[in-house]
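**Q** dropping the sequence and predicted coords here.
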Amino acid sequence: MTPQNILFVDDSPMVLSLLERTLSEERFTLHTAHTTKEALQVLEQHPIDVVVSDLLMPGLDGITFLRMIKKDYPHIVRIILSGHLHTQTILSAINQVGVFHFLTKPLELDDDTLKKILYEALDEAKLNRNRLYADQNAASNLSVFLDSILNAPYRPYMLLNEQDIVTAVHVALAELYPVGSSLRHPEQEGIQLTAHSLYIPYDESESSDLDLYTVDTLTLGRSSLRLIRLSEIA
C-alpha cells in the first residue's frame, strides 16, 4: 500500500509538537511546517495528500496558500485549522478554496474525532488521485484517438456511443448514417451498416477487415466510444 502523507501548517511550534506526539503511531506520514514558505517546500519534496493549514500566519495568508494548492495540486484535500473563524472567512474559504473540513483551536485530542476526520480526508485524496489519473489517461487516449482520424482524412468515419448511436460522422457518410441514428442490429449482437452491407459482431468489434473497415474503441471514464473507419473502396 502506498504510504499517505499529511501536512500540518501552523506558526505555533507548540501546536505542531502536540500534533506530532498525538499522531506519531498513525498509518500515515506526518509533515509539519511553521510557515507557508516551508509548506511549499514540503509540497515540492513529498507526495502530500492532505493539507491542514492555519489561516492567520506571517507572510502568505492561509486562504491564499490553500488557493494555490487547489490550483497546483488539485488532488490534495484541504482542511482549515484556526481559532479565529467567522462567517465571512468561512464563506471565503468555501468559495475560493473548497474546504473539506474546518478544525477549530484548541484541538480536542483526547478522542478520535481528529483522527477520524484525517482518515476520511485521506480516503477523499485517494479518490481524487484516481479521478485525476483517469482524466489524464482519458485525455491522452482521446488525443491519440483524434489523431488517428485527422491523420487519415481520406477514410470516412463514424463515431458511436455505447448504445451504437451515431454521435459524429464524416461528411461523406452524413446522409447514409446521420447523427442520432442507431446502427445496432435489430436482431443480432452487433452493428449493421446497411448502406454498405456490413455487419460487425460485438465479439469482433476490436478486429478489422482492412479491405473494408477498421474498428477502435476509446474508454472515457465509465463510458466508451467506438470509431468505425471505412476504406476508400467502401
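**A** Perfect, thanks for sending it. Numbers count the residues shown, from 1 in each chain.

**Q** so which residues of this protein form helices?
**A** 13-22, 36-45, 62-72, 87-96, 113-150 (DSSP state H).

**Q** which of those helices has the lowest mean pLDDT?
**A** The minimum mean pLDDT among these belongs to helix 87-96 (a mean of 66).

**Q** what number of residues lie near Asp123?
**A** Residues near Asp123, counting by other CB atoms under 10 Å, number 13. All C-beta spots, glycine's among them, are computed from the backbone N, C-alpha and C.

**Q** residues touching it, list them.
**A** By CB atoms under 8 Å, 6 or more residues apart in numbering, the contact set of Asp123 is empty.

**Q** any figure for the gap between it and Leu19?
**A** 20 Å (CB to CB, to the nearest Å).

**Q** next one: Gln45
**A** 19 Å.

**Q** what does His46 give?
**A** 17 Å.

**Q** who's more crowded, these two?
**A** Leu19 (20 against 12).

**Q** correct me, but that one touches His31?
**A** No - if you go by CB atoms under 8 Å, Leu19 and His31 don't touch, sitting 10.6 Å apart.

**Q** now stretch 213-225 - C-alpha only, PDB.
**A** This file holds the C-alpha atoms of stretch 213-225, laid out as PDB (Å, rounded to 0.1, in the frame of the first residue of the first chain):
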ATOM      1  CA  TYR A 213     -13.100  -1.200 -42.300                       C
ATOM      2  CA  THR A 214     -11.300  -0.800 -39.000                       C
ATOM      3  CA  VAL A 215     -12.800  -0.500 -35.500                       C
ATOM      4  CA  ASP A 216     -11.200   1.100 -32.500                       C
ATOM      5  CA  THR A 217     -12.700   1.700 -29.000                       C
ATOM      6  CA  LEU A 218     -11.900   4.500 -26.700                       C
ATOM      7  CA  THR A 219     -12.700   4.300 -23.000                       C
ATOM      8  CA  LEU A 220     -13.500   7.600 -21.300                       C
ATOM      9  CA  GLY A 221     -14.100   7.100 -17.600                       C
ATOM     10  CA  ARG A 222     -17.100   4.800 -17.300                       C
ATOM     11  CA  SER A 223     -18.200   5.200 -20.900                       C
ATOM     12  CA  SER A 224     -16.700   4.300 -24.200                       C
ATOM     13  CA  LEU A 225     -16.900   5.400 -27.900                       C
END
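
**Q** distance from the chain centre to it, please.
**A** 19 Å (CA atoms, centre = their mean, to the nearest Å).

**Q** swap in stretch 211-221?
**A** With CA atoms, centre = their mean, you get 24 Å for stretch 211-221.

**Q** domain parsing of this structure, as residue ranges.
**A** Using automatic domain parsing, the domain ranges for the chain come out as 4-136, 153-230.

**Q** read off the pLDDT value for Leu109.
**A** At Leu109, pLDDT is 71.

**Q** please read the previous query as pertaining to Glu162.
**A** 88.

**Q** so it touches Ser223, yeah?
**A** Yes - using CB under 8 Å, Glu162 makes contact with Ser223 at a distance of 6.0 Å.
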